[in-house]
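Peer 1: return a 3D structure for these sequence lines:
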Amino acid sequence: MKTPARVSLTLVSLFAVPAALAQHAELEEIVVTANPLRATALELAQSAIVLAGDDLARSVSASLGESLASQPGVTASYFGPKASRPIIRGQSGERVLMLLDGVSALDVSNLSPDHAVSVEPLLADQIEILKGPTTLLYGSGAVGGVVNTVDGRIPMRKDRGALEGGLELRGDTASDERSAAGRLDGAVGSFAWHLDGYTRDTDDIEIPGLDWSSALIEEAEAEGEPIEATRGRVPNTDSESDGVTAGASWIGERSVFGFAWGRAETNYGLPGPGEHAHDEEEPAAAAVAALAAAEEEEETVRIDQQADRYDFKAEWRELDGLIDSVALRAAYTDYEHEELEGDAVGTRFEQTGLDTRAHLGHRAIAGWTGTLGLQYTDLDLEAVGAEAYIPPAQTTGLSVFLVEQRRFGDWTLDFGGRLERQEIDVASDARNYDGTAFSAAAGLLWDWSDDLTLALHLTHSERHPQAAELYSDGPHLAVRRYEIGDASLDTEVANTVDFGLRRTGPVSWRASVFYSDFTDYIFPLGTGAEEDGLPVFVYRQGDATFYGAEGEVELPVWQGRNRAVSAHLGADFVRGKLARGGDLPQMPPLRLTGALEYDAGPLHSVLGVAWYDEQDRLAENELPTDSYTMVDFEVSYRSERWQQGVLFFVKASNLLDEEARRHSSPLKEYVPLPGRSILVGVRLARSPAH
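Peer 2: Below is the predicted model of the structure:
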C-alpha cells in the first residue's frame, strides 16, 4: 500500500480539503444533483435526504455506510468499520445503488458485505439519498433507493480564482484514526482543474467488553465449543486507505467537457471467528497456554483493494428547439481486490466496469418538463482462488428511461419509466441469463398550505437476478456459509407505496409510511445441510412484504439574541416478512432518537440520544440482539477570520460506553460497535468546486 498515490497525497494534503463547506445548509436550500430537474429536496414528490456542508463534515466516518447510519430509515451492514454499506428500509445489496457523481460506483460491494464500497466519504461535497421516480434513471431494481456521492472531481465552474483549496485533519480515539484530506481547485479562462487526495489509518477498534455476544457465548457453551473471545478490542479491524484524484474541464457559455482520473487503495482486516489470540486481561497462566498454542491459530484474513476510475462528462445547455439540454456521462473502472490469508492470496476478485448514459432534457410540452435517457453498462467479473464461489461472468445491460414533471397549481406530478435488458454470459455449464425488466413510478406533491405538504409515490420495480444469486457454488467464508445459486431464478418484482407529510415553520416535522409487496423475492435459504464444514444456503424465490414508518420533528425551545435552543425527536422502524411465514434476517429494530441543539453565532452544539430496541423477530438460525442506548455530544465552531473559513469540531460518541450490536450486521455476534470515543477535527475550505 506504500505506493506513489500515498506520496502524491502527502504533498496535496498540505494545501487542500475535500467537500463543500456551505454554512449549516438547510435541506430546502440544497439542490439534489441526482434529480435531472435539479430540484431542491422539498420540491420533490419522492423521499430525499441530503447531507452537505458542516452537517456532512460532522457525519463523515471511515465508510459510506457508517457516515449515513444515523439518518432516518438508514442503517448499515457493518462488516467492521471499513466494510459497511448503507441499508435503506431493510433493503441492501443490488436493491440500493451506489453512485459517484451520478454514475455507478462500479465496485463489487453488492456481492458480499465484506467488500467495502469504493467511494470515499471524506472527499464528498454532498451525499444524496433518494427514493421514488428519479431512481429509475439509474437502475430498475433500486427499490431501497439510490445513494449518490458528489465530490466535484470534474469541475463545473470557472468563476473562481486561479488557486483555491483547503485542508482537513481528523483523529478518533476508539480506532486511533489519523486522517488527512486535501483539495485544490482553480480556473484560468475557460479551463478549470481539480486535484484532491486523502489518507486514513486506523487501528483495531476499542469496545467496552467482549467482542463475542452473550448469546453466542451461551450457544458455544451449550454445544461444548471453545470460546475465543477478546476483551477491549476487536482484532483485525484496522485499515489503511489512500487515494488521489485529478480532473480538468473546458467550460463554455453553454457547454462543458470534463475528464477525471482517480486511484483508491484500501487494505483492511476482516474480523470474525478464528481471528482471536486470547483475552487481553486473562490470567497469566491462561496467557501462557494461549501463547503455547499460538502456532495453531488460523491466520487473519485481510482485503487489499485498489481501483482506477476514469470519468467523462459533457453537457450542452440552452439549446434551440425542443431539446434544450444534452448530457453525456461515462465512467470506466479497473477494480481488483485480493483476500489475503496471512501472506498468501486466497481469492482474487477482478472486475472491469463501464457505465455510460445520455440524458436529453426537453422544453415544456403541454406543461411537462423532463428527461429522456439511454444507459449502457458492461461488467466483466472474475474470481480466482479458494473462495471463488462465483464463476467468471460478463453482465451487459441496455436501458431506456424517462422522467417527467408538471405543476398543476398546488399540485406537482412526477412520473418515470424504465425498460432494461440484461444479459449474463457465464464461463460454466450453467445456462446464460437474459431478460427484460420494466419499472415505473409516479409521485404526487400537494402543497396543502404554505407550510404543509403531502407527498405520495407509487413504484413498480422489477430487478434482474445477479451473477452471485444465479451461479454461486462454493464456500463463502466471509459470511461463513456454503452458497449455491439457482440459474433458473426469475425477475424479482416489487410494488411500493410511500405516503408522507411534511410541515415547515417554527415547528417543523415530517413523517412517512411505506409498504412494499414483493413477488419472487430473492434470498438465501438455509437448508440445514453442511458442506466443507459450513452450513449450506441456497438462493430461492418467494413472496415477501416490507413495511415501516419514519418520522422527525423539530421545535424551538428557547430563543434569544443570536442564540437558540431547539429539540429534535425522531423514530423509524421496518419489518420484513416472508409470505410463507417467518421473518427475513438482519432487519433493523425500532429506533427512537432525541437531541437538544444549541446555536450561538459560530458556535454549534448537539446532545443526542438514540435508543435501539431489541430485535427478537428472527429468521431461522438467527440470534436475537439486545437493546442499547447511544449518547453522543458534538460541538463545533466556525471562524471566518481567514478568507477560506475554518471549522473546528469535536464529537464524543457512545458516552455511556454501551455494548451495541447492530442487528443488520452479518457479524453482530462477533463485532460490536466501537465503545466511547472522541473525534477531533479541523477543516479549512472555500466554496465547492462542482
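Peer 1: alpha carbons only for contacts and neighbour counts from here, please
Peer 2: OK.
Peer 1: which stretches of the chain aren't confidently modelled?
Peer 2: Within the chain, the segments meeting pLDDT under 70 span 1-47, 274-299, 642-644, 686-690.
Peer 1: in it, which spans are helices?
Peer 2: Secondary structure of the chain (DSSP state H): helices at 4-12, 53-59, 64-68, 214-222, 284-292, 467-471.
Peer 1: against which helices or strands is the second one packed?
Peer 2: Right, helix 53-59. Taking 3 or more Cα pairs under 8 Å, 6 or more residues apart in numbering; DSSP states H and E as contact, the helices and strands that helix 53-59 lies on are strand 126-130, strand 646-653.
Peer 1: ok now it, how far from the chain's centre?
Peer 2: Centroid displacement of helix 53-59 relative to its chain, using Cα atoms, centre = their mean, to the nearest Å, is 16 Å.
Peer 1: next: the last one.
Peer 2: Helix 467-471 has its average C-alpha position 22 Å from the chain's average C-alpha position, going by Cα atoms, centre = their mean.
Peer 1: so who does the residue lying closest to Pro273 once chain neighbours are set aside touch?
Peer 2: Distances taken as Cα to Cα, 6 or more residues apart in numbering place Tyr670 nearest to Pro273, at 7.2 Å, with adjacent residues excluded. Contacts of Tyr670 were listed using Cα atoms under 8 Å, 6 or more residues apart in numbering, and they are 211-213, 271-273.
Peer 1: now do Tyr598
Peer 2: Under the criterion of Cα under 8 Å, 6+ apart, the contact partners of Tyr598 comprise 563-566, 604-606.
Peer 1: which residues does it bridge with?
Peer 2: In this structure, Tyr598 has beta-bridge partners Val565, Ser605, where bridges are defined by DSSP bridges.
Peer 1: ok, so what distance separates the residue lying closest to Gly141 once chain neighbours are set aside from Ser472?
Peer 2: Excluding its sequence neighbours, the residue lying closest to Gly141 (Cα to Cα, 6+ apart) is Arg463, at 4.2 Å. As for Arg463, its distance to Ser472 is 18 Å (criterion: Cα to Cα, to the nearest Å).
Peer 1: and what of His362?
Peer 2: In this structure, His362 and Ser472 are 44 Å apart, going by Cα to Cα.
Peer 1: can you tell me how far the closest residue to Trp411 other than its chain neighbours sits from Thr135?
Peer 2: With sequence-adjacent residues excluded and distances taken as Cα to Cα, 6+ apart, Trp411 is closest to Trp446, at 4.6 Å. When Cα to Cα is the yardstick, Trp446 and Thr135 sit 21 Å from each other.
Peer 1: quick one: contacts for the spatially most central residue of the chain?
Peer 2: Residue closest to the average C-alpha location in the chain (Cα atoms, centre = their mean): Pro86, at 3.7 Å. By Cα under 8 Å, 6+ apart, the residues touching Pro86 are 64-66, 68-69, 74-77, 92, 96.
Peer 1: 6 Å - rerun?
Peer 2: Pro86 makes contact with 65, 75-76, according to Cα atoms under 6 Å, 6 or more residues apart in numbering.
Peer 1: who does it bridge with?
Peer 2: Here Pro86 shows beta-bridge partners Ala76, assigned using DSSP bridges.
Peer 1: the more surrounded of Trp446 and Thr135?
Peer 2: Neighbour count, other Cα atoms under 10 Å: between Trp446 and Thr135, Thr135 has more, with 28 against 19.
Peer 1: residues contacting that one?
Peer 2: Counting by Cα under 6 Å, 6+ apart, there are no residues that Thr135 touches.
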